[in-house]
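> Quick one, fold the following:
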Amino acid sequence: MPNPLKYPLSILLILLFAGCFRNNTGNDFMHVSNHNQIFNFAGVEDLYRFLTYSEKRVPLVSAHRGGPDVDYPENALETFQRVAYKTPAIIECDIALTKDSVLVLIHDETLDRTTTGKGRVNRHTLDELNELYLKDETGNTTNYRIPTLDETLAWGVGKVIFTLDVKKNVPYRMVIDAIRRTKSEAYVVIITYSADQAAVVHNLAPDLMISASIKNSEDLVRLNDRDVPDTRLVAFVGTSQADKKLTDLLHQHGILCILGTIGNLDDQAAQRGDQLYAEFIENGADILSTDRPLQAAKSLSYYIQKRELSSPYIN
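Purely as a prediction, here's the structure:
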C-alpha cells in the first residue's frame, strides 16, 4: 500500500529548495539570465566593423549608468538585463576599486547615495561590500548587490556592449586584465577623456575600442598625433545638439558619434515628444547616451524600421 506521506513530502522538499533559490540575494546572480544572445561578434574584428560608420549603420542607445529606474538601481546587473531584454543596447557603467584591489561597479567615491553602506568605497573590502544592498534612484533599498567587473563582463558577452567609465585612481591595466580574463574584448569600449588617456589605453591594449571626447577637429588631430587610429575610436561629441560639420568629418573617418542626451536633451524629449531622439540621429548622432534608454529605443526602433536598417551582428 502506498505511503500517503510520500508525495506531500516530496512536494514540500521541492518547495523548500525553490524558496532557497528565490530568496537568494547574494552575489551569485542566480536570478540573472545567461541565455539571451543579442549581439553576434565572432571576435573583436566584428566589433570594429559594427562600430564603423556607414550610411546603413543601425543607431543604438547607450544606457547611462545602465539605465536605472524605480526598483532598478544604477550599475546593477539586474538593471542591465532589464534594458537588454527590451532593446539591443550599449551599457555605460562605472568602475571603482575596493580596499583589497577588486574592481567593482559604482559611480560615486562614497557608498552613501547608492547603497545601504557609508564611507568611501576604497576603504571597504569586497567582503564588506557584499553585505550591502543597492538603492534605486528614489532611495529605496532593493535586493540587488554591488557587482564586480569580472562578473559583469562575463555576464555581458553576447548580450550588450559595455562602455567602461574608469574612475580616477583605477589603473587601466587592471581593467584590461579583467577584459582579458573574461575574454570580453569584442564587447567592450573603454571611455577616455583626453588624447593622452586614449594613447595610454591604446598602448596597453591596441586591439581594444576606445571612446574619446572629440568636440572639434583639433581633438581628432591630437588623437591622430598620438597614433590612436580612427579604426579604434568612437567619438563622444558632447551633451548639446551635435555640430553637423563635426559629425560629417568624423563620419568621413569612419568614426561613430555618441551624443550625450543626459540632462537637457532628455528633458526636451520628455517635454516635446520622444520623436526628438530620431531627430538627433538624423542630425548626425549614431549612439544616444541617455537616462531614458527605453523611451529612446522605442523612437529609434521606428526610425530603423522606416529606413529598413539592419545589421548581421544583431539578432
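> So what does the residue nearest to residue 260 when sequence neighbours are not counted look like in phi/psi?
Closest residue to residue 260 apart from its sequence neighbours, by C-beta to C-beta, 6 or more residues apart in numbering: residue 239 at 3.9 Å. Every residue, glycine included, has its C-beta placed from N, CA and C. Residue 239 adopts backbone torsions of phi -120, psi 20, taken as degrees, to the nearest 10.
> pLDDT wise, what is residue 239 at?
Looking at residue 239, its pLDDT reads 97.
> Number of residues surrounding it?
By other C-beta atoms under 10 Å, 14 other residues sit near residue 239.
> and it, how far is that from residue 259?
8 Å (C-beta to C-beta, to the nearest Å).
> hey, where'd the helices end up in the stretch 1-150 of the chain?
Secondary structure of the stretch 1-150 of the chain by DSSP state H, counting those that start in this stretch: the helices cover 6-22, 44-50, 77-86, 126-129, 149-156.
> Return every residue with contacts to both of residue 239 and residue 259.
Here residue 239 and residue 259 have residue 265 as joint contacts, going by C-beta atoms under 8 Å, 6 or more residues apart in numbering.
> List the contacts of stretch 95-109.
By C-beta under 8 Å, 6+ apart, the residues outside stretch 95-109 that reach it are 65, 74-76, 93-94, 114-115, 120-126, 128-129, 146-150, 152, 164-167, 169-170, 174-175, 178.
> how far away is the closest residue to residue 225 other than its chain neighbours from residue 96?
Closest residue to residue 225 apart from its sequence neighbours, by C-beta to C-beta, 6+ apart: residue 195 at 7.5 Å. As judged by C-beta to C-beta, residue 195 and residue 96 stand 24 Å apart.
> higher neighbour count, the two?
A direct count of neighbours by other C-beta under 10 Å for residue 195 and residue 96 places residue 96 higher, at 26 against 21.
> so where is the chain shaky, pLDDT-wise?
1-35 (pLDDT under 70).
> switch to 90 and redo it
Judged by pLDDT under 90, the chain has its weakly predicted residues at 1-37, 241-242.
> residue boundaries of the strands in this protein?
For the chain, strands defined by DSSP state E occupy the ranges 60-63, 89-97, 103-105, 161-166, 188-191, 209-213, 233-236, 257-260, 287-290.
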